[in-house]
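A.B. asks: when you get a sec, could you give me coordinates for this:
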Amino acid sequence: MSKSYIKCLDCGTVNLNNEYCSNCGAILDVVLKRRLESEKKMLQKIEEQEKTNKKPNKIEAFLKNGAEHPNILMRILFQVVYSIWIFFALIVGGLIALFTAAVAG
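C.D. replies: From the prediction side, this is the model:
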């Protein structure tokens with residue numbers, strides 16, 4: 001077995017046949033470091049996808065289902081109510097953002 005001396009980039013300690021620094025615990029193996037970073041990025045992507053794939057709330061689901069009603073008058077009514085619902089949701093969200101920005105300075 002060959003001996004490999006690796007100098008830690010963080011603390012400067014020379015280590016013998018280690019993947020982690022014996023002094024500070026930093027990762028010395030570049031391949032291992034890259035693999036851990038790529039796995040971390042993949043987990044973050046999966047978490048972001050799960051956040052974007054969340055189900056709509058009950059009111060929004062009710063209005064969307066009503067917009068697919070077989071009766072044309074009911075469908076138009078639900079589409080109008082859904083548009084009004086989205087409009088007021090945007091207004092409330094904008095007001096919250098405005099107050100937050102005003103408080104933050």
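
A.B. asks: same for the longest helix belonging to the chain, what does it pack against?
C.D. replies: Longest helix in the chain, counting residues (DSSP state H): helix 72-104. Contact here means 3 or more C-beta pairs under 8 Å, 6 or more residues apart in numbering; DSSP states H and E; on that basis helix 72-104 packs against helix 58-66. From N, CA and C alone the C-beta is placed, and that goes for glycine too.

A.B. asks: what does the helix it packs on rub up against?
C.D. replies: Helix 58-66 has contacts (C-beta atoms under 8 Å, 6 or more residues apart in numbering) with 55-56, 74-75, 77-78, 81-82, 85.

A.B. asks: which one of those residues is nearest to residue 49?
C.D. replies: residue 55 (14.1 Å; C-beta to C-beta).

A.B. asks: in the protein, where is pLDDT below threshold?
C.D. replies: Low-confidence segments of the chain (pLDDT under 70): 1.

A.B. asks: burial of residue 57, as a residue count?
C.D. replies: 8 (other C-beta atoms under 10 Å).

A.B. asks: and it, how far is that from residue 15?
C.D. replies: 54 Å (C-beta to C-beta, to the nearest Å).

A.B. asks: now do residue 102
C.D. replies: From residue 102 to residue 15 the distance is 54 Å (C-beta to C-beta).

A.B. asks: comparing those two, which residue is more hemmed in?
C.D. replies: Shown here are residue 102 and residue 15; by other C-beta under 10 Å, residue 15 has more neighbours (17 against 8).

A.B. asks: helix/strand/coil for the more buried one?
C.D. replies: strand (DSSP: H, G, I helix; E, B strand; the rest coil).

A.B. asks: just to revisit the earlier point, buried ones in the longest helix of the chain?
C.D. replies: Neighbour counts using 16 or more other C-beta atoms under 10 Å place 78-79, 82 of helix 72-104 among the buried residues.
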